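Engineer: Predicted model, plus sequence, below.
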Amino acid sequence: MLETWRWFGPTDVTTISDVMQTGARGIVSALHHVSDGELWTPEEIARRQAEIAHTADGRESGFKWEVVESLPVSEDIKLQTGDWRRHLDNYRQSLANLARAGIEVVCYNFMPVIDWTRTDLAWRLPHGGTCMRFDAVDFAAFDIHILQRRGAAADFPASVAAQAAERFATMTEADRHRLVTSALAGLPGAADSLSVAGVQLYLDRYAGVGPDRLRRHLLDFLEAVVPTAARLGLRLCCHPDDPPFPLMGLPRIMSTEQDYRSMLDHVPDMANGITLCSGALGARPDNDLPGIMRRLGHRVHFLHLRNVQREGAELGCSFHECEHLDGSVDMIDLVAAIAEEEARRRREGRRDCVIPMRPDHGQDILDDLGRDAQPGYPLIGRLKGLAELRGAMRAQERMIGQGMAPGASGRH
């Protein structure tokens, strides 16, 4: 794997100098200050590349901008309303500008309104650190009693709705403010921010838009942009829903292996691919991450490796972000599947035989606490995860190099 690091630009509390000490070999970034749907100009792309290539004091970092995460798909494109045709033109031109700058991998998602959702950005762990957590009851309290979305109570099991009413009644104003802040934090580094009123306006725009219609719009988007990406030598990769089940009455269409298989089958060009996020997909009990990698790995263009601990067995259960090698996802077996896929690509002579990966999210530990980093993106917590993943990958690569079958779950 090509070890990369997500960097949000010059305002990121983790500097390029910091990243140089992690051992990562490339940078994942985006033009977060450019509003969704607007053009990424060659000048802005070059500026970000220069910021990546140098430290704040002007030293060469040795880094390249390896992966774009993300080139956002505007709500107008997802809904096919308003300025969506102009936004599509801008998207294709932005792809062309990125390709001319030498960037080959572009991640995006098709989640309506919010990129990811948690109810607690700093849930205290027994060891004293913190992590992000999704509490199903807290989210029901937000949806039913704070957002006051019409029909929200019917979208939750009766027992969860009843618990949400009880919990909301005991919340202080500070508790409610923290819940709102957490639930609406899923636009990491973005130019736009959302309020409860703003979310409601977006929900109104999605009234009557079900999964079939949103899926049709995704396929229309791919039919419009994949030929451009293929001609330019780019690899597009769709990030899954996070969490991978419906929220706030919004459709979720990239939550399962079958969702990805349908998308890939409809637009079979290799330029149309997957961002395999083990944490996002892992929050759903019926997703088999090592199996997905083995069955669809030939279309995986980018890897997000993190782990979650599900706190129940039902769809929509609570979960929290745990250490990278421990949790509900069998990360050792997933790393073995990745090693197998990379070895297969080398045998086939593919140019993309080394898949870019970044350690996704991480627990806030040690000096991370109080640094006020982007939620989910602490320096030391991610560095710990990267070190663990690096060790697991090196072990699998050694086994393949010695002609041994990659191991699963540590049993060799």
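Structural biologist: Looks like it came in fine.
Engineer: Low-confidence ranges, the protein, go.
Structural biologist: Regions of the chain meeting the criterion pLDDT under 70 cover residues 187-193, 405-412.
Engineer: Need the three-state assignment for the nearest residue to residue 167 once chain neighbours are set aside.
Structural biologist: Sequence neighbours aside, residue 141 is the residue nearest to residue 167 in space, at 5.3 Å (criterion: CB to CB, 6 or more residues apart in numbering). Just so you know, the C-beta spots here come from the backbone N, C-alpha and C atoms, and that holds for glycine as well. State at residue 141, reduced to three classes by DSSP: H, G, I helix; E, B strand; the rest coil: helix.
Engineer: Quick one: residues contacting residue 141.
Structural biologist: Contact partners of residue 141, counting by CB atoms under 8 Å, 6 or more residues apart in numbering, are 164, 165, 167, 168, 171, 179.
Engineer: Mind picking the two most distant members of these?
Structural biologist: The most widely separated members of the contacts of residue 141, counting by CB to CB, are 165 and 179 (14.4 Å).
Engineer: out of the two, which sits in the more crowded spot?
Structural biologist: More neighbours surround residue 179 than the other of residue 165 and residue 179, with 22 against 15 (other CB atoms under 10 Å).
Engineer: Correct me if wrong: that one contacts residue 143.
Structural biologist: No - with contact defined as CB atoms under 8 Å, residue 179 does not count as touching residue 143 (10.6 Å).
Engineer: shared neighbours of these two, which are they?
Structural biologist: Common neighbours of residue 179 and residue 143, using CB under 8 Å, 6+ apart, do not exist here.
Engineer: returning to that earlier point: okay, and which of the contacts of residue 141 map to helices?
Structural biologist: 164, 165, 167, 168, 179 (DSSP state H).
Engineer: out of the residues you listed, which one sits closest to residue 252?
Structural biologist: Closest to residue 252 out of the ones in helices among the contacts of residue 141 is residue 164 (20.2 Å), distances taken as CB to CB.
Engineer: all helices of the stretch 1-150 of the chain, in order?
Structural biologist: In the stretch 1-150 of the chain, the helices defined using DSSP state H, counting those that start in this stretch lie at 16-20, 42-53, 75-79, 84-100, 136-141.
Engineer: Mind putting those into TSV with distance to residue 217?
Structural biologist: Compiled in TSV, these are given as follows (distance: least, CB to CB, whole Å):
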stretch	distance to residue 217
helix 16-20	36
helix 42-53	27
helix 75-79	6
helix 84-100	9
helix 136-141	26
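Engineer: Relative to residue 103, how far out is the residue most central in space within the chain?
Structural biologist: Most central in the chain under CA atoms, centre = their mean is residue 239, positioned 5.6 Å from the mean C-alpha point. Residue 239 sits 17 Å away from residue 103, taking CB to CB, to the nearest Å as the criterion.
Engineer: now, of the helices of the stretch 1-150 of the chain, which is deepest in the fold?
Structural biologist: When you average the neighbours per residue for each of the helices of the stretch 1-150 of the chain (mean count of other CB atoms under 10 Å), helix 136-141 leads with a mean of 24.
Engineer: CA atoms only: put that helix into PDB for me.
Structural biologist: Listed in PDB are the C-alpha atoms of helix 136-141, where the atom choice follows Å, rounded to 0.1, in the frame of the first residue of the first chain:
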ATOM      1  CA  ALA A 136     -28.600   5.400  18.200                       C
ATOM      2  CA  VAL A 137     -30.700   6.800  21.000                       C
ATOM      3  CA  ASP A 138     -29.000  10.200  21.000                       C
ATOM      4  CA  PHE A 139     -29.400  10.400  17.200                       C
ATOM      5  CA  ALA A 140     -33.100   9.600  17.600                       C
ATOM      6  CA  ALA A 141     -33.400  12.400  20.200                       C
END
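Engineer: Could you find the closest non-adjacent residue to residue 224?
Structural biologist: Setting aside the residues directly before and after it, residue 224 is nearest to residue 88 in space (CB to CB, 6+ apart), at 5.5 Å.
Engineer: Please verify my assumption that that neighbour contacts residue 77.
Structural biologist: Yes - applying CB under 8 Å, one finds residue 88 in contact with residue 77, separated by 6.2 Å.
Engineer: what touches both of those two?
Structural biologist: By the contact definition CB under 8 Å, 6+ apart, residue 88 and residue 77 are jointly contacted by residue 221.
Engineer: Look up how far residue 353 lies from residue 276.
Structural biologist: 16 Å.
Engineer: Quick check: which element contains residue 292?
Structural biologist: Taking DSSP states H and E as the definition, one finds residue 292 inside helix 289-296.
Engineer: Now do that helix: everything it contacts.
Structural biologist: Helix 289-296 has contacts (CB under 8 Å, 6+ apart) with 257, 260-261, 264, 274, 276, 278, 281-282, 300, 329-330, 333-334, 336-338, 340-341, 408.
Engineer: for stretch 52-68, same thing?
Structural biologist: Stretch 52-68 is contacted by residues 2, 4, 7, 10, 15-17, 19-20, 25-30, 48-49, 98, 101-103, 105-107, 302, 356, 358 when judged by CB under 8 Å, 6+ apart.
Engineer: List the ones among these that fall in strands.
Structural biologist: Using DSSP state E, the subset of the contacts of stretch 52-68 located in strands is 2, 4, 26, 27, 28, 29, 105, 106, 107, 302, 356, 358.
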